[in-house]
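In: Dropping a prediction and its sequence here:
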Amino acid sequence: SNMHRMFLPTNEWIKVAEARGFMVVFPAAALRPFRKDNWLRHAAWNSGNHQDMMDDVTFIKELLEHLFKEYNIDRSRVYASGQSMGSAMGQRLLLTLPDYFAASGTTSGVLRGGFFGDYSTPGIVEGYKRPIWIIMGERDIGGGDFDNNPDAKKYAEYWTKRNETQPVDQPAYYKTGAYYTKIYHNGQGVPMVQFTTVDLKPHACTAQDSWFLYDEFFSKFHINENGKTVYLNTITVE
């Protein structure tokens, strides 16, 4: 999210990290300058690569390098997550730092142009196939599924093409409780792109999201010494 402390009580990333044995870090965004009258400055990630704001991609890269020096971290298993605009930044990091991040799994946010950036914003690194999962609420801002949120469908169109998976209109899918998930596999059977709509959920993250993202997604992927994505320690994504 933009303000890390705001969402700590509503997700359980700390509990997940304690239970599964990994480090979780909550960076916070810098203040966004506004040019409009009577708008308060507030913390916001620079996922749109605006030149009059802090370079958050470089900030995250330098943060990771510092952590790598200070702690014994498995560099092949670093993942990006976030809520709302933090979700946009989580997707941006997978686009711009794919040599650092093995996967991205976020909630309530897709790239939608303007301040949020899009799939043509300068800085995108081509040639990498990385898994990504976005979870949105049925009543999310802009809509929570492809039928009523064109930006969500644009996310699927971009990543299914980049990761060379099934077409957007031919997903595998499953429903678990309130969670309805579309899954797009590549030719090797690896679930490289996922999109979930949660029944009745608004623009929010929940404790259950964090457990799902780690247990059902992050924990299954890492990067090998050649920079390729590996699934379940056995399948190298080509």
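Out: Arrived safely, thanks for sending.
In: quick one, strands of the chain?
Out: Applying DSSP state E to the chain gives strands spanning 31-32, 42-43, 79-80, 103-107, 132-137, 172-176, 179-185, 191-198, 221-223, 229-231, 235-236.
In: hey, which of those strands is tucked in deepest?
Out: Ranked by mean neighbour count, the strands of the chain are led by strand 103-107 with a mean of 28 (mean count of other C-beta atoms under 10 Å). Where you see a C-beta, it was placed from the backbone N, CA and C, and this is true even at glycine.
In: just checking, what packs against it?
Out: Packed against strand 103-107 by the contact rule (3 or more C-beta pairs under 8 Å, 6 or more residues apart in numbering; DSSP states H and E) you find strand 79-80, helix 85-96, strand 132-137.
In: pull the longest helix from the protein.
Out: helix 56-70 (DSSP state H).
In: Identify the residues contacting it?
Out: 23, 25, 27, 29-30, 45-47, 49, 73, 75, 78, 89, 92-93, 96-97, 100, 123 (C-beta atoms under 8 Å, 6 or more residues apart in numbering).
In: Mind giving me the ChimeraX select for those residues, buried ones only?
Out: The ChimeraX selection below is limited to those of the contacts of helix 56-70 classed as buried (16 or more other C-beta atoms under 10 Å):
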select :29,30,45,46,47,49,78,89,92,93,96,97,100
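In: how near is residue 109 to residue 83?
Out: 7 Å (C-beta to C-beta, to the nearest Å).
In: higher neighbour count, these two?
Out: residue 109 (31 against 24; other C-beta atoms under 10 Å).
In: Who are the contact partners of the more buried one?
Out: 82, 83, 84, 85, 86, 87, 88, 90, 91, 116, 134, 136.
In: Please tell me how far it sits from residue 203.
Out: 9 Å.
In: what does residue 107 give?
Out: Residue 107 sits 9 Å away from residue 203, going by C-beta to C-beta.
In: what's the overlap in contacts for these two?
Out: residue 84.
In: Chain neighbours aside, what residue packs nearest to residue 159?
Out: Leaving aside its sequence neighbours, residue 159 sits nearest to residue 193 (C-beta to C-beta, 6 or more residues apart in numbering; 4.6 Å).
In: who does that neighbour bridge with?
Out: As for beta bridges, residue 193 partners with residue 132, residue 184 under DSSP bridges.
In: For residue 149, give me phi and psi.
Out: The phi/psi pair for residue 149 (degrees, to the nearest 10) reads phi -130, psi 90.
In: Give the burial count for it, as a bare number.
Out: 19.
In: OK, contacts around the residue lying closest to residue 45 once chain neighbours are set aside?
Out: Leaving out its chain neighbours, the residue that sits closest to residue 45 by C-beta to C-beta, 6+ apart is residue 89, at 3.8 Å. Taking C-beta under 8 Å, 6+ apart as the contact definition, residue 89 lies against 29, 45, 46, 47, 56, 80, 82.
In: Find me the pLDDT at residue 222, would you?
Out: Note for residue 222: predicted pLDDT of 98.
In: Next one: the residue nearest to it when sequence neighbours are not counted relative to residue 114, how far apart?
Out: Spatial nearest neighbour of residue 222, chain neighbours left out: residue 76 (4.4 Å); criterion: C-beta to C-beta, 6+ apart. In this view, residue 76 and residue 114 are 34 Å apart by C-beta to C-beta.
In: returning to that earlier point: shared neighbours, residue 109 and residue 203?
Out: Joint contacts of residue 109 and residue 203 (C-beta under 8 Å, 6+ apart) are residue 84.
In: what about this protein, any weak spots by pLDDT?
Out: The model of the chain has pLDDT under 70 over residues 1-7, 9, 34-39.
In: what about 50?
Out: Along the chain, segments meeting pLDDT under 50 span 1-2.
In: Closest one of the contacts of residue 109 to residue 161?
Out: residue 91 (14.8 Å; C-beta to C-beta).
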